[in-house]
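> next comes the sequence, and after it the predicted model I'd like to discuss.
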Amino acid sequence: YTLLVEVLGVFYIYFTIDTGQFASASDEWMFAIFHSISAFCNAGFSTLPNGLFNEGLRFNYNFQLAICFLVILGGIGFPVVNDLYTSIKNVLYNIYRTVLLKERYKVQARNVSVNSRIVLTTTFVLLLVGMFLYFATEYNNVLKEHTTLYGKLVQSFFGSVTPRTAGFNTVDMGELMQGTILVYLLFMWIGASPSSTGGGIKTTTFAIAFSNIVSLSKGKSRVDLFKREISSTSIHRAFAVIFLSLLIIGSAVFGISLFDPNHNLTEIAFECFSAYSTVGLSLNITATLSAPSKLILVLTMFIGRVGMFTLLFGIFNKAESRMYQYPKENIIIT
């Protein structure tokens, strides 16, 4: 799957770039290969000065759409891809047997798991909401230089896709509105989906935690999604991941604010959220940070990529199974 998507991305990128920007055909192919892999793996690296904000790519909307779809396909997670592949294969096989062999169409039990449904739904909602908010906040700011509605919509879509661990930018990040920066912080924190090429707390974590809040507001004692009850273990892990992520990010913000007090809190928070989710975006202050602050970012990136649970499992001994249970007590929360 990885090779197939990246190869298709190479050809798509190759036929959308301006050949006048490159000295030879080999440079064009290398550019296409590098950016296809970088986009699918949510790396965010580019070989051009200023990245995709480069003059030759800033208004190349077809190229930007290619990057967006590669990022999305790499970020939805391989289990989701497997579920979709199995479902589509079964449907096509049944249609084949029904049309050509005149057999009765057999309705298959659903192959798309609740996990995949949550990932796809959350991803779609985040992309749609992010695109709308980016369009609304930046219409009279960084989108002004894009004169067509199509260009503004593509830029808004690109701005909705890349904060979730991709790290590409087609605008000057230092010129973004405060509202857009807040949206970026949220999207970088959420990140991509489990078992994908992206980081963050993951879409399923955010969706389960949000659904649990809605269920509690309705007075329900359980979380139901897509006619399935979500296990208490998943809910507990979701809130643990959220708490640990905010603890790590908050500690990083505190540390950098001590070593580099000349930068404002928004810039520092942006760096730390970006580092934890291995996004790679910056408000143009990374190069000016002191060595201790850069080390804090390195450690934050390492923890964010490896996962706090993985580190904790390696540090603490597993609790022994106990054949008893204490009486339950309710604690006053609000």
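Thanks, I have the structure now.
> which parts of the helix or strand where L216 lies are buried?
Taking DSSP states H and E as the definition, L216 sits inside helix 203-217. Neighbour-count burial for helix 203-217 flags T203, T204, T205, F206, A207, I208, A209, S211, N212, S215 (criterion: 16 or more other CB atoms under 10 Å). For the C-beta atoms, the positions are set from N, CA and C on the backbone; glycine is no exception.
> is it true that the last one touches R222?
The one in question is S215. Yes. In this structure, S215 is within contact of R222 by CB atoms under 8 Å, at 6.8 Å.
> the protein: helices as residue ranges?
For the chain, the helices defined by DSSP state H cover 2-14, 25-40, 61-75, 78-99, 114-138, 149-161, 178-190, 203-217, 232-259, 265-276, 291-306, 308-315.
> make JSON lines out of those and add distance to N330 and mean pLDDT.
Formatted as JSON lines, these follow (distance: least, CB to CB, whole Å; pLDDT from 0 to 100):
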{"stretch": "helix 2-14", "distance to N330": "48", "mean pLDDT": "95"}
{"stretch": "helix 25-40", "distance to N330": "48", "mean pLDDT": "93"}
{"stretch": "helix 61-75", "distance to N330": "40", "mean pLDDT": "93"}
{"stretch": "helix 78-99", "distance to N330": "36", "mean pLDDT": "84"}
{"stretch": "helix 114-138", "distance to N330": "29", "mean pLDDT": "94"}
{"stretch": "helix 149-161", "distance to N330": "41", "mean pLDDT": "94"}
{"stretch": "helix 178-190", "distance to N330": "31", "mean pLDDT": "93"}
{"stretch": "helix 203-217", "distance to N330": "13", "mean pLDDT": "92"}
{"stretch": "helix 232-259", "distance to N330": "16", "mean pLDDT": "92"}
{"stretch": "helix 265-276", "distance to N330": "34", "mean pLDDT": "94"}
{"stretch": "helix 291-306", "distance to N330": "34", "mean pLDDT": "93"}
{"stretch": "helix 308-315", "distance to N330": "27", "mean pLDDT": "74"}
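> of all the ones you listed, which lies closest to I285?
I285 sits nearest to helix 265-276 of all the helices of the chain, at 5.0 Å, using CB to CB.
> what's in contact with the closest one?
Identification of contacts with helix 265-276 by CB atoms under 8 Å, 6 or more residues apart in numbering yields 167, 178, 181, 184-185, 188-189, 199-200, 245, 248-249, 252-253, 256-257, 260, 279-283, 285-286, 289, 297, 300-301, 303-304.
> residues contacting R117?
Residues near R117 by CB under 8 Å, 6+ apart: L225, F226.
> swap the cut-off to 7 Å and go again
Residues in contact with R117 (CB atoms under 7 Å, 6 or more residues apart in numbering) are F226.
> gap between it and K218?
Going from R117 to K218 by CB to CB, to the nearest Å gives 21 Å.
> what does S274 give?
35 Å.
> tell me how far the helix holding L216 is from the chain's mean position?
18 Å (CA atoms, centre = their mean, to the nearest Å).
> helices and strands around it, which ones?
helix 114-138, helix 232-259 (3 or more CB pairs under 7 Å, 6 or more residues apart in numbering; DSSP states H and E).
> which of the ones you listed sits most buried?
Most buried of the helices and strands packed on helix 203-217 by mean neighbour count (mean count of other CB atoms under 10 Å) is helix 114-138; its value is a mean of 19.
> just the angle for that one relative to helix 178-190, thanks.
Relative orientation of helix 114-138 and helix 178-190, computed by axes from the mean of the first three to the mean of the last three CA atoms, to 10 degrees: 160 degrees.
> from the chain's centre, how far out does helix 114-138 sit?
Worked out by CA atoms, centre = their mean, helix 114-138 lies 10 Å from the chain centre.
> for stretch 221-228, same thing?
25 Å.
> what lies in contact with stretch 242-254?
Contacts of stretch 242-254 (CB under 7 Å, 6+ apart): 189, 201, 205, 209, 268-269, 272-273, 275-276, 296, 300, 303, 308.
> same thing but at 10 Å, please
With contact meaning CB atoms under 10 Å, 6 or more residues apart in numbering, stretch 242-254 is reached by 185, 188-189, 191, 200-201, 205-206, 208-209, 265, 268-273, 275-277, 293, 296-297, 299-301, 303-304, 307-309, 311-312.
> coming back round to it: what would the helices and strands packed on helix 203-217 look like in JSON lines with distance to E28?
What follows is those, written out as JSON lines (distance: least, CB to CB, whole Å):
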{"stretch": "helix 114-138", "distance to E28": "30"}
{"stretch": "helix 232-259", "distance to E28": "40"}
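> so for F316, which of the ones you listed sits nearest?
Evaluated over the helices and strands packed on helix 203-217, closeness to F316 peaks at helix 232-259, with 13.1 Å, by CB to CB.
> could you give the angle of the closest one to helix 114-138?
Here the directions of helix 232-259 and helix 114-138 differ by 40 degrees (the same axes, to 10 degrees).
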